[in-house]
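> Mind looking at a prediction? Sequence and model below.
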Amino acid sequence: MHDEEIVRVPAVLDAIGRDGAALGFAMASESKTGALLRALVAAKPGGRFLELGTGTGIGTAWLLDGMDRSASLLTVDSDPQVVEVARRHLGHDARVTFRVGDGGAILDEMAPQQQFDLIYADAWPGKYTHLDRTLSLLAIGGIYFIDDLLPQANWPEGHAARVPPLIADLEQRRGFVPVKLAWASGLMMLVRSL
C-alpha cells in the first residue's frame with residue numbers, strides 16, 4: 001500500500017493549481033489532507049461544513065467532492081484575490097457559499113445555535129485565534145480538523161512556537177476526543193462528544 005497514490009482526484013485541481021501558481025500562492029492543502037477531508041464529509045450526509053481559509057479552493061474542491069447533494073459548505077478567507085480563483089472554478093456549485101473578510105469577525109458574527117458537522121480550520125482564525133468560539137460552533141459528533149502541525153518551509157516567522165501549545169490545549173479539552181496524525185502536513189482531529 002502506498003498512501004501517496006491518491007485515486008479519484010477532483011478534476012478541477014489542476015486548473016486551480018495553475019491559477020494559484022500564477023498568483024504566487026503556495027499554501028494550498030496537500031492531496032493526502034484533501035483525500036481525508038473528502039472521506040470525513042462523505043460520512044456526514046446532509047452535513048453543514050465550515051472551512052476557515054479558502055485560499056484558492058484546493059481544500060474546498062476536496063470537500064465538495066465528498067459532500068452529498070443536500071450538504072452545504074461555508075468557506076471563509078480574508079484575501080479576495082485568492083478567493084476569486086476558488087469562485088471562478090467552484091462558484092457554480094450551489095452547495096458552497098464564499099465569505100470574504102476577517103475570519104475572526106465572521107466567527108464572532110455567527111449565531112451560537114449555528115452548528116457545523118465538520119470545521120476545517122486552515123487559517124489563524126479558528127486555530128490560533130478564536131479557538132473557543134470555533135469549537136462552540138461544532139455539533140455533537142462533529143469533527144474539528146486542522147493541518148500544518150509538522151514543520152513547513154512556508155511557515156511565517158513565529159509559527160513554529162505556536163504549534164506545541166495548540167496541540168496541548170486541544171488534547172486536554174473536555175468534551176472532545178482528540179487524535180493526532182503525523183501524516184501529510186501534520187493533522188489533528190477532535191470529535192465533539194458533549
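Arrived safely. Owing to the predicted nature of the structure, the values given are computational and were not obtained by experimental measurement.

> quick one, what contacts Y144?
Under the criterion of C-beta atoms under 8 Å, 6 or more residues apart in numbering, the contact list for Y144 reads 118-119, 121, 134-135, 138, 176, 189-192. Backbone N, C-alpha and C define where each C-beta goes, glycine included.

> Out of the residues you listed, list just those in helices.
The helices, defined by DSSP state H, take in 134-135 from the contacts of Y144.

> Tell me who's in contact with the nearest residue to L138 once chain neighbours are set aside.
Once flanking residues are discounted, L138 sits nearest to R192: 4.7 Å by C-beta to C-beta, 6 or more residues apart in numbering. If you count contacts by C-beta under 8 Å, 6+ apart, R192 has them with 135, 138-144, 175-176.

> Low-confidence regions, the protein specifically.
Along the chain, no part satisfies pLDDT under 70.

> Contacts for the helix or strand hosting V83 next, please.
Using DSSP states H and E, V83 sits in helix 80-90. With C-beta under 8 Å, 6+ apart as the test, helix 80-90 has contacts from 12, 15-16, 19-20, 23, 25, 54-57, 60-61, 64, 75, 77, 96, 98, 100.

> quick one: buried residues of it?
82-87, 89-90 (16 or more other C-beta atoms under 10 Å).

> following it, which helix or strand comes up?
strand 96-100.

> Relative to that next one, what are the paired strands and their orientations?
Strand pairing for strand 96-100, using DSSP bridges, gives strand 72-77 (parallel).

> Taking helix 80-90 as reference, get the angle to the partner strand.
Put simply, strand 72-77 runs at 150 degrees to helix 80-90, going by axes from the mean of the first three to the mean of the last three C-alpha atoms, to 10 degrees.

> ok, now how distant is the residue lying farthest from the centre of the chain from G186?
The centre of the chain is farthest from one residue, M1, which by C-alpha atoms, centre = their mean lies 26.3 Å away. Separation of M1 from G186 (C-beta to C-beta, to the nearest Å): 21 Å.

> who's the most centrally placed residue in the chain bridged to?
Residue closest to the average C-alpha location in the chain (C-alpha atoms, centre = their mean): Y120, at 2.7 Å. Taking DSSP bridges as the rule, Y120 bridges to E51, F145.

> Quick one: list the elements packing against the longest helix along the chain.
Secondary structure assigned by DSSP H gives helix 159-172 as the longest helix of the chain. With contacts defined as 3 or more C-beta pairs under 8 Å, 6 or more residues apart in numbering; DSSP states H and E, helix 159-172 has these neighbours: strand 176-181, strand 187-192.

> Is it possible to get TSV of the ones you listed that adds distance to F49?
Below are those laid out as TSV (distance: least, C-beta to C-beta, whole Å):
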stretch	distance to F49
strand 176-181	18
strand 187-192	14
